[in-house]
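Colleague: Sequence first, predicted coordinates after that:
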Amino acid sequence: MKIALIGINSRYIHKNLAIYSLYSYVKEDSNKYSLMEFSINEPFDKIFYSIYSNSFEVIAFNVYLWNKELVLNLINSLKKLNPEIKIVLGGPEINDTYQKNSNIDYLIIGEGEIPFKKLINSNFINKERILKTKDEYLDLNQLPFVYQDFLDELNNKIIYYEGSRGCPFQCSYCLSGSDNKLRLKNPDKIYEEIKILVEAGVRQVKFIDRTFNANPEWAINIVENLKKLGDYNCNFHIEASIDKMNIKLLSMLENCQDKLFQLEVGIQTTNLKTLRAIGRYNDFEKIAENCQRIIAKGNIHIHTDLIAGLPFEDYNSFKKSFNEVYSIKAHMLQVGFLKVIPNTRMYEDAEKLEIKYQSNPPYEVIATKWISTLELLKIKYVETGVDTFYNNSVFRQTFNYFDKLRIDFFEFFQYIGQKIFFRKDFLSISDKFDFLYQVTLEYFNTNLIIYSDEHFLAVLKLDWYLNLKDKKRPKIFTDELYVDIKNYIGKTDNINKYKVIELPFIVIQNGVDYEINENGKANKYMIDYTIKRSIYDYPLLTLIDSLDQF
């Protein structure tokens with residue numbers, strides 16, 4: 001019997017943990033199984049014919065919000081050509097309603113390894129169409145290393161890794177909220193497996209653990225082990241409840257090697273009534289304190305999350321949440337929108353709470369009794385402005401300058417985001433510099449924001465040469481931005497590795513911040529592109545008196 005395990009990922013660079021976990025658990029004859037991965041960005045025909053041409057007898061799909069429609073299209077087409085083929089669907093998206101589709105033979109709800117193995121043992125003639133794990137929980141320490149047979153495929157990939165299952169918290173919008181049995185994989189086993197991954201050339205390991213520090217001692221043990229892998233070109237992404245992080249773990253993270261870890265902090269809202277309604281218990285002051293402590297150290301990328309459309313949060317409340325979370329100055333701020341996902345408590349309570357959402361994936365909120373559709377559109381503008389400019393690290397120093405002004409950042413991002421939201425043309429990176437300059441001037445002048453055009457242009461210039469020295473220059477840079485130093489550098493092949501720029505302020509090296517030079521004097525800085533520093537890979541800046549020293 002030929003069995004296919006198929007994952008359709010959101011990006012080509014990702015690997016689908018679910019199908020590898022299934023394979024590692026059920027394989028007794030590796031020639032019996034084929035693992036196939038695709039991206040939702042690939043043409044339907046390419047995916048369909050790649051599957052059909054292999055004449056599989058059983059096809060198991062891993063279904064998520066982002067690939068549901070594509071998967072359903074595939075199985076309906078495959079069944080038309082071969083009604084005898086067995087179709088199995090599993091994954092976070094699957095619920096009882098899928099049994100209405102007669103082209104689906106089996107549905108696996110919840111953890112898939114044990115039910116899928118039962119199907120195999122029954123030779124796919126199981127009488128039950130819906131299979132659930134019930135109380136049969138898999139011991140993660142008994143699960144073989146899921147990527148062992150595929151190490152030659154992992155170079156430069158982003159790998160999802162599971163150190164635990166379950167979550168002690170009960171957030172109403174999250175699928176993990178219904179699985180409160182926290183199960184941990186042995187830290188030594190985790191270290192052994194991740195060491196194999198980094199040696200195989202994996203670029204990033206993303207822990208899918210819902211709350212990495214739910215068990216503090218376990219988390220400390222993991223971090224201590226991962227720090228041993230600092231010499232590999234790989235980093236580790238974890239989701240943590242940072243307000244509940246103990247001092248020892250926090251200290252370990254802020255003193256670890258640069259860029260070894262990325263930390264995602266799901267804040268979602270600062271509205272206390274909303275937090276109670278969704279089953280979260282955040283201490284925002286502690287979140288801000290701990291985030292800023294790590295940010296000040298400058299070694300870890302901090303990613304914060306907000307969700308619009310939650311119960312009891314109206315437009316003004318969300319604006320307040322946004323500005324408070326923005327004040328943390330995390331390296332990334334994701335503005336998301338509530339997804340009313342089947343099998344969650346939010347899904348069950350949506351009608352009672354008068355939450356309206358899209359009928360099809362991603363089931364995104366379109367209105368609530370607290371916030372209107374047009375207000376959500378305004379927040380879409382904010383999301384667009386944040387993603388285009390703030391979450392683009394190229395503009396980091398420009399936003400450092402904006403922080404020194406009296407700006408309502410929610411209103412500011414809404415203003416610039418609305419200018420982009422309905423655009424049909426593509427903005428190149430140089431276009432974005434021109435666009436940000438022009439639209440920001442409009443906003444500043446309309447809202448009587450006091451600013452210095454000289455300093456604004458200077459920080460844009462600084463951002464350009466910290467990140468994009470060889471790209472096509474923006475139109476706003478009409479003057480020569482740097483001094484040609486080819487006569488001062490010994491070897492001609494080093495000419496493009498150094499530049500000198502003049503700035504009307506004093507650059508501070510820790511994180512590349514700056515202080516306004518009150519006397520107006522321009523300072524010359526040598527930029528050395530042979531040395532990379534900070535989590536942004538900035539070149540080294542050195543204050544110089546003149547080029548004569550070279």
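Modeller: Nice, I can see it.
Colleague: hey, which helix or strand in the protein has the poorest pLDDT?
Modeller: strand 482-483 (a mean of 54; mean pLDDT, DSSP states H and E).
Colleague: Mind listing what's buried along stretch 346-366?
Modeller: Across stretch 346-366, burial judged by 16 or more other Cβ atoms under 10 Å covers Met346, Tyr347, Ala350, Leu353, Ile355, Tyr357, Pro361, Tyr363, Glu364, Val365, Ile366. Glycine gets a C-beta too; all of them are placed from N, C-alpha and C.
Colleague: and the end-to-end length of that stretch?
Modeller: One end of stretch 346-366 sits 15 Å from the other (Cα to Cα, to the nearest Å).
Colleague: chain center to it: distance?
Modeller: When distances are taken as Cα atoms, centre = their mean, to the nearest Å, stretch 346-366 is centred 23 Å away from the chain's centroid.
Colleague: now stretch 217-232
Modeller: 21 Å.
Colleague: which residues sit against that stretch?
Modeller: When contacts are defined by Cβ atoms under 8 Å, 6 or more residues apart in numbering, stretch 217-232 is touched by residues 163-164, 184, 187-188, 190-191, 194-195, 198-199, 212-213, 236, 240, 246, 248-249, 252-253, 256-257, 260-261.
Colleague: same thing with stretch 285-298?
Modeller: When contacts are defined by Cβ under 8 Å, 6+ apart, stretch 285-298 is touched by residues 242-243, 245, 250, 253-255, 258, 263, 265, 267, 300, 302, 304, 324, 327-331, 510-511, 534-535.
Colleague: what about burial for those, which qualify?
Modeller: Neighbour counting by 16+ other Cβ under 10 Å classes 242-243, 245, 250, 253-254, 258, 263, 265, 267, 300, 302, 304, 324, 328-331, 511, 534-535 among those as buried.
Colleague: Give me the subset of these that lies in helices.
Modeller: Leu250, Leu253, Glu254, Glu324 (DSSP state H).
Colleague: hang on, isn't the last one packed against Asn271?
Modeller: By that I understand Glu324. No. Shown here, Glu324 and Asn271 do not form a contact pair, counting by Cβ atoms under 8 Å, at 10.0 Å.
Colleague: Please, where are all the helices along the stretch 51-200 of the chain?
Modeller: 68-81, 113-121, 187-199 (DSSP state H, counting those that start in this stretch).
Colleague: Next: the stretch 401-550 of the chain.
Modeller: So, for the stretch 401-550 of the chain - with DSSP H, counting those that start in this stretch - the helices run 409-421, 429-446, 453-467.
Colleague: Just the C-alpha atoms of stretch 42-50, please, in CSV.
Modeller: What follows is stretch 42-50, C-alpha atoms only, in CSV (Å, rounded to 0.1, in the frame of the first residue of the first chain):
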residue,chain,number,x,y,z
GLU,A,42,2.8,27.1,-5.8
PRO,A,43,0.4,26.6,-8.8
PHE,A,44,-2.5,24.2,-8.1
ASP,A,45,-1.7,22.2,-11.2
LYS,A,46,1.9,21.6,-10.0
ILE,A,47,0.7,20.3,-6.6
PHE,A,48,-2.2,18.3,-8.1
TYR,A,49,-0.2,16.4,-10.7
SER,A,50,2.7,15.8,-8.4
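Colleague: Out of the buried residues of stretch 346-366, list just those in helices.
Modeller: Judged by DSSP H, the subset of these located in helices is Met346, Tyr347.
Colleague: min pLDDT across the buried residues of stretch 346-366, which one?
Modeller: On pLDDT alone, Pro361 ranks lowest of the buried residues of stretch 346-366, at 87.
Colleague: Next, the contact list for that one, please.
Modeller: Leu65, Trp66, Lys68, Glu69, Glu93.
Colleague: now, which of these sits nearest Ile3?
Modeller: Nearest to Ile3 among those: Glu93, at 20.9 Å, using Cβ to Cβ.
Colleague: Identify the residue nearest that closest one in space, chain neighbours excluded?
Modeller: Counting by Cβ to Cβ, 6 or more residues apart in numbering, Val63 is the residue found nearest to Glu93 once chain neighbours are left out, at 4.3 Å.
Colleague: Now do the contacts for the nearest residue to Asn155 once chain neighbours are set aside.
Modeller: Distances taken as Cβ to Cβ, 6+ apart put Gly201 closest to Asn155, at 3.6 Å, once the chain neighbours are dropped. Going by Cβ under 8 Å, 6+ apart, Gly201 touches Leu154, Asn155, Asn156, Asn233.
Colleague: switch to 10 Å and redo it
Modeller: If you count contacts by Cβ atoms under 10 Å, 6 or more residues apart in numbering, Gly201 has them with Leu151, Asp152, Leu154, Asn155, Asn156, Lys157, Tyr232, Asn233, Cys234.
Colleague: Need the pLDDT of it.
Modeller: 95.
Colleague: can you give me the angle the longest strand seen in the chain makes with helix 453-467?
Modeller: Longest strand in the chain, counting residues (DSSP state E): strand 523-533. Taking axes from the mean of the first three to the mean of the last three Cα atoms, to 10 degrees, one finds that strand 523-533 is oriented at 30 degrees with respect to helix 453-467.
Colleague: Export only the CA atoms of strand 523-533, formatted as PDB.
Modeller: Presented in PDB, the C-alpha positions along strand 523-533 are these (Å, rounded to 0.1, in the frame of the first residue of the first chain):
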ATOM      1  CA  ASN A 523      30.300  65.000  12.700                       C
ATOM      2  CA  LYS A 524      32.100  62.700  10.400                       C
ATOM      3  CA  TYR A 525      31.700  59.000  10.900                       C
ATOM      4  CA  MET A 526      33.700  56.200   9.200                       C
ATOM      5  CA  ILE A 527      31.400  53.200   8.400                       C
ATOM      6  CA  ASP A 528      33.300  49.900   8.400                       C
ATOM      7  CA  TYR A 529      31.200  47.300   6.500                       C
ATOM      8  CA  THR A 530      33.700  44.600   7.300                       C
ATOM      9  CA  ILE A 531      32.500  44.500  10.900                       C
ATOM     10  CA  LYS A 532      28.900  43.600  11.700                       C
ATOM     11  CA  ARG A 533      27.300  44.200  15.100                       C
END
